[in-house]
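J.: Using only what follows, build the 3D model:
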Amino acid sequence: MTSGAPRIDPKPVDQWGDDARAALEAAFPRAAPRILSPGPDALPASNAISTLMHYPALAGPFLAYSTVLLETPALG
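T.: Numbers count the residues shown, from 1 in each chain. Next up is the predicted model:
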């Protein structure tokens, strides 16, 4: 039986290192400044992205691949 709690908690944006920030900026150059902003107009980072940021070396390539799929799908 599962508890419903995530196995790995999403990492808060204010705890992301430079490598995690660089991965986000490379994948989402237009949205990254608003996600990384501490201001009131900041966009919330999704739980999936925040969880990936525990492993920025994996997050960078995964987000780059996901962005290609989103922006230039081969099907359709």
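J.: what's near enough to touch the most centrally placed residue in the chain?
T.: Among the residues of the chain, the one closest to the centroid is I49, at 2.9 Å (C-alpha atoms, centre = their mean). With contacts defined as C-beta atoms under 8 Å, 6 or more residues apart in numbering, I49 is in contact with L24, A59, L63. C-beta here means a position set from N, CA and C on the backbone, and glycine is covered the same way.
J.: If we only consider those residues, which is nearest to S3?
T.: Minimum distance to S3 across the contacts of I49 is 25.4 Å, recorded for A59 (C-beta to C-beta).
J.: Restrict the contacts of I49 to the buried ones and give me that as a ChimeraX selection.
T.: Only the buried members of those end up in this ChimeraX selection, burial being decided by 16 or more other C-beta atoms under 10 Å:
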select :24,59,63
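J.: could the contacts of I49 go into CSV alongside pLDDT, distance to L70 and secondary structure?
T.: Supplementary listing: the contacts of I49 in CSV, determined by pLDDT from 0 to 100; distance: C-beta to C-beta, whole Å; DSSP: H, G, I helix; E, B strand; the rest coil:
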residue, pLDDT, distance to L70, secondary structure
L24, 95, 15, helix
A59, 94, 16, helix
L63, 92, 10, helix
